[in-house]
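**Student:** structure for the following, please:
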Amino acid sequence: MKRMLKLLLAVVFTLSVLGIEGAPPADAATITLANGTQWKDVNNASLQAHGGHIIKVGSTYYWYGEDKIHNSANFKAVTVYSSTDLKNWTWRSYALTQNSDAELQYAKIERPKVLYNESTGKYVMWAHYEDGNGYTLARVAVATSDTPTGPFTYHGSFRPNNNESRDMTVYKDTDGQAYLISSSNNNSNLRLYRLTSDYTGIAAELNMIYEGGHREAPAIVKQGNTYYLITSGASGWYPNQAKYSTATNINGPWSALQPLGNSATFYTQPAFILTIQGSSTTSHVYVGDRWNPSQLSDSRYVWLPLTLDGNTASLEYFDNISLDAATGVVNGISNGTLLSQGKAATAQSALGSNPASYANDGNYQTEWVGTSVTWPHWWKVDLGAVRQINNVQISWWMMNGSEAYYQYRIETSNDNVNWTVALDRTSNTTYGFTSDTFSATGRYVRINMVNAKLHNNPNNWYTPRLGEVKIFGQTTDSVRWQSHNYPTRYIANDNGTAKIVENATLANSEWVMVPGLADPAGVSFRLKSNSNIYLRHSGYVLYAQSNSGGTFAADATFYQVPGLADSSKASFRSFNYPTRYIRHYSYNLRIDPISTTTEKNDATFSLQ
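**Tutor:** As a prediction, this is how the structure comes out:
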């Protein structure tokens, strides 16, 4: 009996060591990342890890990157953050600083990447090195550490095989061999090198990957037996079209370059590809930098699911993604259903070879083009019925070397005659791609392009054009109005009175949007379960009633505007009392003038 007990204890101990039984649950859980927003560490400090790289050690991820908090391209430090769930990051150290070596006191260190060498037990950092005066040295820099958090010992800078080296990355293959990929000859060529066994030097220069391609910002990943190499074009701080190629041998041959994402790579430049190996699946995440050259510390991060299928790669944009580091599941979070693709589109003018339909055909490589340099200029799409609109993504034309940002308005209409400005973006300064989240209703959506502002020319010589317009929202005409400040309550028919009701039934809280009974530019709401019942006000109080004629049409018509408390939501202004808005007061609905913060909260709703 004692022998059996000892054997049982030994088995339990072995399983616990292996992590098969008795291990604590993983810290990771499904988290949401908001792209293009200001990311903070767990201490609410700005997360500074630009142009960086992530490695995993045990159950912990380490994120290395450039610290740009001083708003300069010159080197301050390489930072290290750690996380177990890829959202909550803790600042751990400066892996490399100006004080690490005299050569770093006035320098540039860009795109730091770190590999772990099992044979030496060292963490090896490679980066692009320049002095503080410019970009003429074109070297790589190497540093090592016994721990992932450093401090790293700096070993100097050099030109690999006497070639220029600017944007670069390093990659460790599944067999443990490591490689350097770097842009050379003023970014004209992309070269491949095999590293020494300790990962600190060059063992051999291999075949040229691209000759004369003018590609930079390399990022590489392997799935199965296929390598995928993603690069950007060379256009300074401005975004451009990422492209990828594939190979079954890292030494080539590499396939012809193919476009990835839209013409601006959704206003990003590749930093690296993060591979998440989980208990359920292995996923790949494109990690991009959204550079802000006027304030580098405010450059943002964009993480997107990267789809790899055979010899093809694809990338779509999402404002938010969900990610579970334990299971490896990564998904984009949609802002609703894509409403616009393939729907009838028209424009103020269009070249025969570039019709309006090219701007909503689902292909980022086609575009609608106007016939002349005429501004303003409009493009519009018929969604087929009045829809709830949540998000509009626009891929703008990019002219490498003479980039411009577009100033525009998004307008909606129910009848194609009367138009409402749903969102005014005439102050936009974003190049290449915009994703606007707001709340509006309409059957027709019009992009009214007011002007294009070229960064290097005071004159707008652009011909109006659009790469792709994607409109997301509700596919059905029925919506539920969720209270902004009481999110468990919805607008409902409560025995003829309109209230915000807890646990409202669908029969009493689903409303069909129709063109305004008194003005088709507005909207009216009809109860889905009873087509005779509308929301209308009488004596400033809202009711759910059947059409009784007289002023009923005017009382039942409203104009949707951005939410008074949250512009991504909605508020509704009365048609016949234009200074009054729908709001709840003690759960009862009214139309009232709005001025205070509480009133704005009461007058804001999320249409679902």
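**Student:** domain parsing for this protein?
**Tutor:** Annotated domains of the chain cover 27-333, 338-473, 478-607 [automatic domain parsing].
**Student:** could those domains be laid out in CSV, adding mean neighbour count and mean pLDDT?
**Tutor:** Just so you know, the C-beta spots here come from the backbone N, C-alpha and C atoms, and that holds for glycine as well. Listed next are the domains of the chain as CSV, based on neighbours: other Cβ atoms under 10 Å; pLDDT from 0 to 100:
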stretch, mean neighbour count, mean pLDDT
domain 27-333, 19, 96
domain 338-473, 19, 94
domain 478-607, 19, 92
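**Student:** SS state for residue 161?
**Tutor:** Under DSSP: H, G, I helix; E, B strand; the rest coil, the three-state class of residue 161 is helix.
**Student:** how far away is it from residue 201?
**Tutor:** Residue 161 sits 11 Å away from residue 201, going by Cβ to Cβ, to the nearest Å.
**Student:** now residue 375
**Tutor:** 56 Å.
**Student:** so residue 124 touches residue 201, yeah?
**Tutor:** No - if you go by Cβ atoms under 8 Å, residue 124 and residue 201 don't touch, sitting 10.2 Å apart.
**Student:** which residues are in contact with both of the two?
**Tutor:** Shared contacts of residue 124 and residue 201 (Cβ atoms under 8 Å, 6 or more residues apart in numbering): residue 142.
**Student:** so residue 363 touches residue 467, yeah?
**Tutor:** No - using Cβ under 8 Å, residue 363 is not in contact with residue 467; the gap is 9.0 Å.
**Student:** for residue 594, list the residues it contacts.
**Tutor:** 564, 571, 580-581, 583, 600, 603.
**Student:** let's see 10 Å
**Tutor:** 564-565, 571, 573, 579-583, 600-604 (Cβ atoms under 10 Å, 6 or more residues apart in numbering).
**Student:** and which of those residues is nearest to residue 151?
**Tutor:** residue 565 (47.7 Å; Cβ to Cβ).
**Student:** let me know the secondary structure of that closest one.
**Tutor:** Classified using three-state DSSP, residue 565 is coil.
**Student:** which ones are touching it?
**Tutor:** Counting by Cβ under 10 Å, 6+ apart, residue 565 has contacts 484-485, 571, 594, 597-605.
**Student:** could you point out which element follows the longest strand anywhere in the chain?
**Tutor:** In the chain, assigned by DSSP state E, the strand with the most residues is strand 433-454. Moving toward the C-terminus from strand 433-454, the next helix or strand (DSSP states H and E) is strand 465-466.
**Student:** could you dump the longest strand of the chain to CSV, C-alpha only?
**Tutor:** Provided in CSV are the C-alpha atoms of strand 433-454 (Å, rounded to 0.1, in the frame of the first residue of the first chain):
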residue,chain,number,x,y,z
PHE,A,433,-7.5,55.7,-44.5
THR,A,434,-10.3,56.9,-42.2
SER,A,435,-12.7,54.9,-40.0
ASP,A,436,-15.5,57.0,-38.7
THR,A,437,-17.8,55.6,-36.0
PHE,A,438,-21.0,57.5,-35.4
SER,A,439,-24.8,56.9,-35.4
ALA,A,440,-27.1,57.9,-38.3
THR,A,441,-30.0,56.6,-40.3
GLY,A,442,-30.6,56.7,-44.0
ARG,A,443,-31.1,54.8,-47.2
TYR,A,444,-28.5,56.8,-49.2
VAL,A,445,-25.0,57.7,-48.0
ARG,A,446,-23.0,60.4,-49.8
ILE,A,447,-19.3,61.1,-49.4
ASN,A,448,-19.0,64.8,-50.2
MET,A,449,-15.3,65.5,-50.8
VAL,A,450,-14.7,69.1,-50.1
ASN,A,451,-11.0,69.4,-50.8
ALA,A,452,-7.6,67.5,-50.8
LYS,A,453,-4.6,69.1,-48.9
LEU,A,454,-1.3,68.1,-50.4
